[in-house]
Every structure is written in C-alpha cells, then in structure tokens.
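Trainee: generate coordinates for the sequence data below:
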Amino acid sequence: MFQNRTFIIFSLLFSLLLLTLVFTTTDGYGGADSFQHYMISRYSWKHPHLFLDHWGKPVFTLLSSPFSQFGYKGALLFNVVITLLSALFVYRIAIKLNKEYARLSALFFLAMPMVMLVSVSALTEPLFAFVLVLSVWLFSEKKYFAAIALLSFLPLVRSEGFVVFPVFILVLLLQKQWKYFPLLIVGVLFYSLVGFIALDDFLWLINRNPYKMESGLYGSGPWYHFLIHHELIFGIPLTILLVIGLWFYVPKNIKWLQEENNILRILIAGSFAAYFVAHSYVWWKGTGGSLGLERVIAGVCPLAAIIAFEGYCFIAERVKNYFSPNWILLLFFIAIIKNTSGNVLLDLKQHKTSYLMQQTADWIKSKPELINQRLFYYNPQIAFLLDKDIFDRSQVEQLWGLIDVNQPLLWLEDGQYLVWDSHFGNNEGKTSIDKLLHKQNVKILKRFYPEEQGEPVLGGYTYEIFVFGKQSGWKDTIIQIIPDSNSTLGLLKNKNFSVSNEQMYVDVFEHNFADLSNSELVYLDLEIKYPAEKVLNKDELIFVLDMNCNERLLKYEATDISFSQAENTDKVLRKRYMLPPLTKECGTVKTYFWNRTKLDLQNIKVEVKILHVPQNP
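Mentor: A predicted model of the protein is given here:
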C-alpha cells in the first residue's frame, strides 16, 4: 500500500515539476543545439526539405514538428510527453522482472538528473530513449517484427543508434529468431528511398553526414569521462543502485542463459553497455564530432533505471526479514530528490552566455536600422531570439560551414550586419576576431562582454559577442598603436625587472587605460625577454594580467613564460591580450610576475604596446 501511494504521489509530482519547468524556464536545456533542433522542426512545414535534414534527425523532426508550430514551449512539451511515455514502458518492462516493486522503476527513471534536464529541451535524446525502451518492451512481449522494425528507425533519431544493433542480433540468435535480421535495414532503406525521390541521392544518409568533420575539432578526454560525471547523469543514489543491479546481468552459467528473463536482461544491459562504451570511446579518441556532452547518456537512461531498480530489489529482498524495505526506499528518495533538484536547478538557470546573447538581441531590436536587415551569424540562438526564419536566406545566413572562413565579411552588403561570438565563431566557424578586422567599410557596432569573467568556452576563450556592420564610406577596421600611449603611461620599452627568492609577486604596472581610447577594442601587446643561459621549468614564473571592477573579475590571464628550448639566444615571449571594454570605472589593468617557486632571475626585459581599433564615424 505504501508503494502504491508513493508511486502515485511521486508520479504526479514529477509530471507537475516537468510541466512547471517547461513554462518557467527561459532557455530550457541544451543551448544552441536545442534552439537549432527546434527551428528545424518548426520551419519544416514551410521548408519541406528539412524533413530530410540529417543533423536535425528526420524521425525527430517529423514527430516533433506539430508541437513546434506552437513555439519553443511546444517543442519542450513534446519531449516531456515522450519522457513520461518512456517511464510507462520502463514500468511495463520492470513488471516482468519483479512485479512487487515494479512501480519504482518509472520513478527511478524520472528522478535521474539528466532525464529531467533533457526533458526540458528540444534535443533528440528523449525520443531516442523512448524508441529504444519501446523496442525492448516489444521484444519482451515476443513482438519481434514490431520490435526490430521500430528499432531500425533508431539511427534516424540519433546516428549512434546503430551501436545497439549487435545486441539485438545476439538476443535474436539466442531466441532462434534470426528470420527478423533483415528488418534492421527497414528504417534506413525507407529514408534512403525517400531521399532518392526528394534529393536524387539514394546515399544521402552517407553523403550528407554532418559528422564527417575533421577529428579533434572538439578535443578529447579520458575514457572514464562519463563515469566520473555519474552524479549529473544518474545521481549518486541511483548510481549506487545501478552498480548493485548490474550483478543480475552477469551470466552465471549456461543454464542462466536459458531463463527467459535473463535473455531480457542481456538485451537491457547489453544495449546500455554498448551505447555507454561507444560514447566513451569516441570522446576518448576525439572522433565523430563528440564533445563529451553528458546529456548523450540520457538515451539509455530508461535501461539504466531498470538496472538500478533491480539493484533496489536485491537490497529489499535481503532486508525485509529484519525491517521494512520502505525505510530504505524513503532514504533513497530523499537522497535522490536532493541530488536531482540541485543538478537540475543549476543547469536550467540561464547561463551567462545565454544572457549575453539575450542582451545582444535586445540591442538589435532597439535599432530600427538593423532589425529588418539581413543577419549573418554563427550562434543559432541569436536567430531564435530575433524570431528569424533561418532557412530564408533573404533574412539570415549562418556562416560556419557555408563560405570561405577567411572572407566572411565579403558577403555583407551595405546596411547588413554580422553577429560574431567567441564560441561558435572561433570553433565551428573557424573565424577568429582578427579575421573580421582590417576590412573595408566595416566597423564594430557593439561589443558585449560579461559583467564578470566566467568559465571559458570551448577553446579557452572568454565568451563575448561583437556586432559588425557594413556601410560604404566607413574607414577600415585596422588595429593601430595608440599615439603616444607609452609616454602617457610612463612605460614600458625594454624596462628591466628582476625577481628573487624573497619575492612571490613583482609588480610590472597598474594603469587605467580608459583615458587612452574610446574604442570597443583595445589590445595590450606584451614582449618579455630573459637571458639565454637561464632555463625555466614549466610554471616557475608566470606573467599575470588582472582586471577587477567593483569586486567583479573582468579578466584574469596567467601566462607561463618558460621555454623548453636551450638555444644561445634570449628567450622571447610575445602575446597579445584583448582587453574587456574600458570605462573610467572599469578600465584599470594590473600586471605582475608571479614567482611561484621563488627563483632568482635578473635582466627580465618587458615591453608593452597599447593598440586599438579606432572608432569609425
């Protein structure tokens, strides 16, 4: 009775919570990917070719598009519905394994932090999870035709769906149902034929694969990356139950394999493991466009919930003769709720990058001369915030992957504008800010910089946004030395510094640069030389640039000045710092040497130049 009440109460609470998050969150979860999936889904009715957009995922676009016509909240609602349906089939599978506690399995699934996060998004992981768990349930019902036919469409929901195929093939063999093998190609064959008719390309799923990018674009990480992020994915309590539950999925002997429920366990654990290992491998090797995003594991969270449920059953069966397992259940749910609420609320809070993009959109909306002009962009969120049809090229043009990355501004005509951000511009767009300077008839219209330096984005960049405009007659955007800046500062041309074992910090200079330029873009060029005979070890001596304003950290950058080479020439470090926007209140730059190991070093020569891009009239 306790479990029935618990199931009903918590099911209602989780459903209500998900719906509340849908209608109260600003951005949902998933960032630019979520916005892009939504816009593909929304505009597919206007641009039918989007139903075959490989990146958007054809099955996801098809099923979500009716919801997306009601706006972004509609797309989020689609994923909430799909998640609740997944919970239902988690429960239906759990009944076959342990009927007494089966209701808990659905709650375990809904309580996983990553499940709740991706539910409040327009991402593809919830639909992938649903198709997979529904296929497993159909298989458990011996509806092999429906199970395998449905499974064949899984790669059209997320490309890595193929990795679970070998597991299904194995259990079909164990069940002597090999006649269903050919059904695994139904989904791909169907969409290949549709592509042949619509695109005149039978192999479009291969030829238009968006993940055929060069290896290493997003970096790589340790093979255990997803293991160490178990708290965000499953939560600590459910990770414990998941580990315990895996015991049921280790074959004990040949007789164990002959039990019907154990065939189902092989399917569940095998699919979970194949998917988990595949993602761990591609992130470790830095291939397949993997960014190491923890959210991808949400695709097998229904299976993880079933395994964790069996872990709970294992504990409950062994303690029920001593005390009620309901006390254990209560403790677990208190821990689960605490863990999940912390992770979910933190990740659904509007990020500083999103807040900065919102500021940019609001500024553009306030400019009548811009709002109706053609927009060029890198981050799709700006198009989403401006309610632009990103597939109408008369309105907008996404620059990365489409044009010569060295000449992006050549596409702009008079009055048009470009929004560059340091994440998508530098990485996917392969366009650094320097490539947008030294151009004719172009100027920086506005720069948006965070009020406080946060975590760097991919590539180690501080997240910031520039809006460039083009107009005949404007001067070139050329980086120039600020006239007389060195004399104004009273520094720094081959000035000598020394550090000793009695000094942890040695000041170089501190100055407010706001009186030198009203430009949106000011640089500090640094050159440090020290004697050839001195060899510094890594991180022995650090040059630090520090900017604070009203107890807010605007910029902090620590540069190791050691060199591994031992040539008979002076060691020379050259570095250019792009400073945050300067004001009288927030324009002071402080620099110093950080002598971490308290070494002795004489004749350190420092030269500094201050440069800017002059304001265009």
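
Trainee: so where do the strands sit in this structure?
Mentor: 375-377, 396-398, 417-421, 442-448, 465-470, 480-481, 495-499, 505-512, 522-530, 541-549, 552-560, 571-578, 588-595, 601-612 (DSSP state E).

Trainee: out of those, name the one with the poorest average pLDDT.
Mentor: Mean pLDDT is lowest for strand 480-481 among the strands of the chain, at a mean of 73.

Trainee: got the contact list for it?
Mentor: With contact meaning CB atoms under 8 Å, 6 or more residues apart in numbering, strand 480-481 is reached by Lys609, Ile610, Leu611, His612, Val613, Pro614. C-beta: built from backbone N, CA, C; applies to glycine.

Trainee: rerun that using 7 Å as the cut-off
Mentor: Contacting residues not belonging to strand 480-481 are listed as Lys609, Leu611, His612, Pro614 [CB atoms under 7 Å, 6 or more residues apart in numbering].

Trainee: do I have it right that the second one meets Ser519?
Mentor: No. Look at Leu611 against Ser519 with CB atoms under 7 Å: they stay out of range, at 9.4 Å.

Trainee: neighbours around Met504, how many?
Mentor: A count of nearby residues for Met504, using other CB atoms under 10 Å, gives 13.

Trainee: go on, Ser34?
Mentor: Residues near Ser34, counting by other CB under 10 Å: 26.

Trainee: contact partners for it?
Mentor: Counting by CB under 7 Å, 6+ apart, Ser34 touches Gly28, Ser121, Ala122, Leu123.

Trainee: which residues are in contact with stretch 44-56?
Mentor: Here stretch 44-56 has contacts from 37, 40, 43, 58, 61-62, 65, 69, 194-195, 198-199, 204-205, 208-210, 391, using CB under 7 Å, 6+ apart.

Trainee: let's see 8 Å
Mentor: Residues from elsewhere that reach stretch 44-56 (CB under 8 Å, 6+ apart): 36-37, 40-41, 43, 58, 61-62, 65, 68-69, 191, 194-195, 198-199, 204-205, 208-210, 389, 391.

Trainee: which of those residues are buried?
Mentor: Buried subset of the contacts of stretch 44-56 (neighbour count, 16 or more other CB atoms under 10 Å): 36-37, 40-41, 43, 58, 61, 65, 68, 191, 195, 204-205, 391.

Trainee: adding distance to Tyr144, write those residues out as TSV.
Mentor: Shown next, in TSV, are the buried ones among the contacts of stretch 44-56 (distance: CB to CB, whole Å):
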residue	distance to Tyr144
Gln36	36
His37	32
Ile40	33
Ser41	32
Tyr43	38
Pro58	25
Thr61	28
Ser65	30
Ser68	34
Tyr191	22
Gly195	28
Trp204	29
Leu205	25
Phe391	40
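
Trainee: nearest to Val535, of those?
Mentor: Lowest distance from Val535 to these (CB to CB) belongs to Gln36, with 49.3 Å.

Trainee: farthest-apart pair in the contacts of Ser34, please.
Mentor: Gly28 and Leu123 (8.8 Å).

Trainee: which of the two has more neighbours?
Mentor: Leu123 (30 against 24).

Trainee: was I right about that one contacting Ala32?
Mentor: No. Taking CB atoms under 8 Å as the definition, Leu123 is not a contact partner of Ala32, at 11.1 Å.

Trainee: for the nearest residue to Glu397 once chain neighbours are set aside, name its beta-bridge partners.
Mentor: Nearest residue to Glu397, sequence neighbours excluded (CB to CB, 6 or more residues apart in numbering): Phe376, at 5.1 Å. Beta-bridge partners recorded for Phe376 (DSSP bridges): Glu397, Leu418.

Trainee: mind checking how far Phe376 is from Pro408?
Mentor: Counting by CB to CB, to the nearest Å, the gap from Phe376 to Pro408 is 7 Å.

Trainee: anything in contact with each of these two?
Mentor: Leu399, Leu418.

Trainee: ok, these two, which is more surrounded?
Mentor: Neighbours were tallied for Phe376 and for Pro408 using other CB under 10 Å; the higher tally belongs to Pro408 (25 against 21).

Trainee: who's in contact with the more buried one?
Mentor: Phe376, Leu399, Leu418, Gly429, Thr431, Lys435, Leu436.

Trainee: quick check, pLDDT for Leu132.
Mentor: 98.

Trainee: count residues in the vicinity of it, would you?
Mentor: Leu132: 27 surrounding residues under other CB under 10 Å.

Trainee: cool, the one 3 residues further on as well?
Mentor: When neighbours are defined as other CB under 10 Å, Ser135 has 25 of them.

Trainee: mind checking how far the residue lying closest to it once chain neighbours are set aside is from Pro166?
Mentor: Spatial nearest neighbour of Ser135, chain neighbours left out: Leu151 (4.3 Å); criterion: CB to CB, 6+ apart. With distances taken as CB to CB, Leu151 is found 12 Å from Pro166.

Trainee: which one of those two is surrounded by more residues?
Mentor: Between Leu151 and Pro166, counting by other CB under 10 Å, Leu151 is the more crowded of the two (26 against 11).

Trainee: thought that one was touching Val167?
Mentor: No. The pair Leu151 / Val167 is not scored as a contact, 10.2 Å apart, by CB under 8 Å.

Trainee: the closest residue to Leu267 other than its chain neighbours: neighbour count?
Mentor: Distances taken as CB to CB, 6+ apart place Val171 nearest to Leu267, at 4.8 Å, with adjacent residues excluded. By other CB under 10 Å, 20 other residues sit near Val171.

Trainee: contacts for stretch 361-372 next, please.
Mentor: Stretch 361-372 has contacts (CB under 8 Å, 6+ apart) with Ile382, Leu385, Leu386, Gly415, Tyr417, Val419, Leu445, Lys446, Phe448, Val467, Gly469.

Trainee: report the contact partners of the residue nearest to Leu227 when sequence neighbours are not counted.
Mentor: Closest residue to Leu227 apart from its sequence neighbours, by CB to CB, 6+ apart: Ser280 at 7.8 Å. Ser280 sits next to Trp223, Tyr224, His225, Phe226, Leu227 when contact means CB under 8 Å, 6+ apart.

Trainee: now tabulate those in CSV and tack on distance to Ile8.
Mentor: CSV is the format used below for the contacts of Ser280 (distance: CB to CB, whole Å):
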residue, distance to Ile8
Trp223, 42
Tyr224, 39
His225, 38
Phe226, 33
Leu227, 34
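
Trainee: quick check, nearest of those to Thr360?
Mentor: Of all the contacts of Ser280, His225 has the smallest distance to Thr360: 32.1 Å, by CB to CB.

Trainee: for the closest one, give me the pLDDT.
Mentor: 90.

Trainee: do Ser215 as well
Mentor: Note on Ser215: pLDDT of 52.

Trainee: what's the neighbour count on Val188?
Mentor: By other CB under 10 Å, the residues close to Val188 number 16.

Trainee: ok, it to Asn207 distance?
Mentor: 14 Å.

Trainee: Val163 now?
Mentor: From Val163 to Asn207 the distance is 22 Å (CB to CB).

Trainee: please state the offset of stretch 222-233 from the chain centre?
Mentor: Here stretch 222-233 shows a centroid-to-chain-centroid distance of 15 Å under the convention CA atoms, centre = their mean, to the nearest Å.

Trainee: straight-line length of that stretch, end to end?
Mentor: Distance across stretch 222-233, first residue to last, is 17 Å (CA to CA, to the nearest Å).
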